[in-house]
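coords please:
(one chain, ligands or ions: 1)
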Amino acid sequence: MGGGQKRGRTQRKHFKQSKENVWKYKNGSDEASKKTRPSDPSDENPNPNPSWQPFATQNTGFEEYYKAQGIVPENEWEEFICVLRKPLPAAFRINSSGQFFHDILSQLEDDFMKSLEAEIDNENEIDAIRPLPWYPGKLAWHSNFSRMQLRKNQTLERFHEFLKQENEVGNITRQEAVSMVPPLFLDVLPDHHILDMCAAPGSKTFQLLEMIHQLDKPGLLPNGLVIANDVDVQRCNLLIHQTKRMCSANLIVTNHEAQHFPNCSLKSCTENSTGEEARKHTLQFDRVLCDVPCTGDGTLRKAPDIWRKWNAGMGNGLHRLQVDIAMRGLALLKVGGRMVYSTCSMNPVENEAVVAEVLRRSGDSVELLDVSGELPELIRRPGLKTWKVRDRGLWLASYRDVPRYRRGVITPSMFPSDQCFKLDQTEHDNMQEETVTIDAVTGTENASSLELSHDGGNNMETIETAVDMKEAVSIVHEVSGMSRSPEDLDGETKVEVSNYPLERCMRIVPHDQNSGAFFIAVLKKISPLQAVPENQTSQSTKRKQKIPRNSNENLEVENAETKLSECIPDQHHPTSAEEPSNDSSKIDQSSLKTTEVEPTLPSNQLNNIENDLEEVEPTDIGENEKVSKGKLQIQGRWRGVDPVVFFQEKTIIDSIRSFYGICESFPLEGHLVTRNTDANHVKRIYYISKSVHDILQLNFQVGQRLKITSLGLKTFERQASKDSSSLCSFRLSSEGLPLLLPYISKQILHASLLDFQHLLQYRTIKFPDFVDSDFREKATNLMPGCCVVTLNEGNKPIDEILLDASTIAIVCWKGKTNLSIMVSQLDAQELRERLSIRFPSEVTISEDKENNSNSEAEAKKISVDNESTDDFEAELDNIS
Ligand SMILES: C[S@@+](CC[C@H](N)C(=O)[O-])C[C@H]1O[C@@H](n2cnc3c(N)ncnc32)[C@H](O)[C@@H]1O
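Numbers count the residues shown, from 1 in each chain. All right, here's what the predicted structure looks like:
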């Protein structure tokens, strides 16, 4: 079985929408979506200040908060805050799977490192750009120029252009240095099944994919896979776009709330199955990345608008969600597996408190790993053992200090100590239901009314929203009989210290290595999670799950894990917390959109599908196939998401195999999927690895619990040529080419450097205009339709040409009189530049780089017929 280890170039869509817009509230009105959203560290180019007013880099609440938390020693405070106010230097990663990985590395080392030296104006820095010492293989780089400098300084223009273009074509990824850290602590192997729970926009997913592909033997796909999940559909699309550049057949993108990520287990099979078998019967992961939503104050240097928005309530508001996501991650983790919990926030309530709570809930089943020996060159600080909680202007050192009416908001789990869990149970029972909530985004209170139950619910008092909160606090104290006033609490209570070895967590602070801030904890699952009795956890007062109170009750593993982590019903996907079922009749009938019994679906999918005709609505999810009006489409379980269908049309598969001469050792059957149940209207066929295939099978068997927005690698695309001269109706896609290349024996031409260069430059060339007579003849005699042209470096005899990951190849179309490339302008330009750097004496890039229209005109001069080129452009437009 084969695959391209080095990935090809892909056409990239330009996402015009502002990335701020992708943070949307699910239930939000326009007003709500205008609210400040916790910053996403990975968003490139946030533009929250379009008028270019300098951002205020001060927030007294912020400074007071972090000083009090002892986030850095007192004598470092000035340096810390000073660096935090400076713009973040740009950082980027080289895509190690990219075909030009070595060329890019040499360009950085031999060219830019030297030529940019003169531009350094930072007295602390020696190098203009340098590899990050802790990132393996010189794959990640730090530049000492901020984004602003890169944009404004003319002498940096060439480097800026390089970054932009290589990022665009996928040879590098611009990513904050500290955001590259979490995947490194996952200790990934190529056969690992990895879940990235909050994955968009996908920088870390990309890294994870690189890791599983890294050790591929040429021509082999790894046994592992990555499931990249995000709750936000638009951000999922961003992720799909981003990871396309990786050209991986080992990726599934899902769209779930991470805290309710579904169970996919065939119960009957799990008990006795082991190893590979177990993998096929239950969805569990060797590695889980929980890069949870957070306040993002570690990204202040990149997103200075956070200075204005920040308040302590934001972190408090996210804490519970973060715990729930981490617990779900642990439930889905295999025994022996590793999970990384990370945030780009500095706040202990979002960090150490979350880690302490998951350790508390997991009992002895989970260990916080000491990874101080890993990545020794990465400067990090140990996690905090003690911190305080700030709520509405009060410092709270212990849960005992929390006013009763705030106990729905400020939970025991936010504090360092376990002591509060020993509170008298009646005290818990008397707590009011959650009536005050914190907006996780702004940190502001949402309380239409405060219902205060201080007498087992018999004596309810209601305080109208308009009541000043301080007054409310006093009323609460009156009614609840608290002995101390809020003022008394401030600064008076004893500091709690956590019993957990939280010093094993890592906090990266900006002034240590001129970076952003980040928090990372590495957890190992030692045994199946046991259900921890409710009164020994800090579960919110809102939760009333029936978890057995007898801690000795040894629940069946799966049940225990399900109950612990799926305890909140998923309001958006009501079925996602259900137990999995083998019974396909449990497929959500309401979301089925058609009646057609589709022969390509596995039979278990077909049972009990009722006739339920509906027009298919095109959506923006995944590789949606637009179905012509009036056509029927079998819809999967998830409304609005195209179904995933195994493509089993033998006639078409055979025609593809025979047209391109794909050798039998490359399996197509069982590895092809589409998003359209009507085989006659399938536009794109995706190739999936065996690992993805097995998950897909399992997903069908459990009634399609996974809401899959994208999967696999787009490999074949329907091509309608005007004269229908091609014997195969599917052309190869650029993304799929590296995977197929070693297995193709027909429709392939090997061009000299000069002819290859001409093709890239002029895009369409008439056969007589090729310089090499042998190539001219072969091109003329090729079957009409899609073909591949490789660069024959050194003009080797055909039988000596090796087709492997290092081969430079492009998809073309052989018409009646000419050959045209099916590569976007940008990719063609990039490839020409790469060739000019690799073969400096043989290839010159003419001035047409700046003047693309000239090259087009010249192409026409050389000779172009009208045949089908417009089609390709239109088609390419569709792709890109
Ligand atoms: C910090 S960002 C993740 C960055 C990403 N790991 C990367 O490296 O590109 C957090 C992501 O969590 C997503 N998110 C927020 N709440 C979520 C939830 N309940 N379940 C899953 N994803 C969630 C957001 O849409 C956002 O894309």
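
and the host helix or strand of Ile765, which residues are buried?
Using DSSP states H and E, Ile765 sits in strand 764-766. Using 16 or more other Cβ atoms under 10 Å as the test for burial, strand 764-766 gives 764-766. For the C-beta atoms, the positions are set from N, CA and C on the backbone; glycine is no exception.

Out of those, the closest to the ligand would be?
Closest approach to the ligand among the buried residues of strand 764-766 (Cβ to the nearest ligand atom): Thr764, at 38.8 Å.

in the sheet, who's paired with the closest one?
Ser820 (DSSP bridges).

That one against Thr817, yeah?
No. Between Thr764 and Thr817 there is no contact under Cβ atoms under 8 Å: 9.8 Å.

re earlier: contacts with the ligand among the buried residues of strand 764-766, please.
Among those, no residue lies close to the ligand (Cβ under 6 Å from any ligand atom).

looking only at pLDDT, what's the mean for stretch 249-268?
Mean per-residue pLDDT for stretch 249-268: 91.

remind me, longest helix of this structure?
helix 312-332 (DSSP state H).

what packs against whichever helix or strand comes after that helix?
Downstream of helix 312-332, the first helix or strand assigned by DSSP H and E is strand 333-343. With contacts taken as 3 or more Cβ pairs under 8 Å, 6 or more residues apart in numbering; DSSP states H and E, strand 333-343 sits against helix 181-184, strand 285-291, helix 312-332, helix 352-362, strand 518-525.

quick one: strand 333-343 to strand 285-291, angle?
20 degrees (axes from the mean of the first three to the mean of the last three Cα atoms, to 10 degrees).

who does strand 333-343 pair up with?
Applying DSSP bridges, one finds strand 333-343 paired with strand 285-291 (parallel), strand 518-525 (antiparallel).

Now those strands in a markdown table, please, with extra columns for mean neighbour count.
As requested, those are exported to a markdown table (neighbours: other Cβ atoms under 10 Å):
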| stretch | mean neighbour count |
| --- | --- |
| strand 285-291 | 26 |
| strand 518-525 | 24 |
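
Just send those strands back as JSON lines, with mean pLDDT and distance to the ligand too.
Output for the strands paired with strand 333-343, formatted as JSON lines (pLDDT from 0 to 100; distance: least, Cβ to the nearest ligand atom, whole Å):
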{"stretch": "strand 285-291", "mean pLDDT": "98", "distance to the ligand": "4"}
{"stretch": "strand 518-525", "mean pLDDT": "98", "distance to the ligand": "11"}
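
What backbone torsions are found at Gly640?
phi 80, psi -10 (degrees, to the nearest 10).

And the one 3 residues further on, by the same measure?
When quoted as degrees, to the nearest 10, the phi and psi of Pro643 stand at phi -70, psi 160.

Distance check, it against the ligand.
Distance of Pro643 to the ligand, given as Cβ to the nearest ligand atom, to the nearest Å: 23 Å.

swap in Pro190?
From Pro190 to the ligand the distance is 21 Å (Cβ to the nearest ligand atom).

three-state assignment of that residue?
coil (DSSP: H, G, I helix; E, B strand; the rest coil).

Identify the spatial nearest neighbour of it, chain neighbours not counted.
Pro222 (3.8 Å; Cβ to Cβ, 6 or more residues apart in numbering).

Verify the stated contact: the one you found with Lys690.
No. Taking Cβ under 8 Å as the definition, Pro222 is not a contact partner of Lys690, at 9.8 Å.

Between those two, which is the more surrounded one?
With neighbours defined as other Cβ atoms under 10 Å, Pro222 and Lys690 compare such that Pro222 has more, 25 against 17.

doesn't the more buried one fall inside a helix?
No. Going by three-state DSSP, the assignment for Pro222 is coil, not a helix.

Tell me the spacing between it and the ligand.
For Pro222 relative to the ligand (Cβ to the nearest ligand atom), the value is 21 Å.

For Leu208, see how far away that residue is.
With the distance defined as Cβ to Cβ, to the nearest Å, Pro222 ends up 11 Å from Leu208.

How about Pro348?
27 Å.

Verify the stated contact: Leu333 with Leu283.
No. Using Cβ under 8 Å, Leu333 makes no contact with Leu283, being 11.3 Å away.
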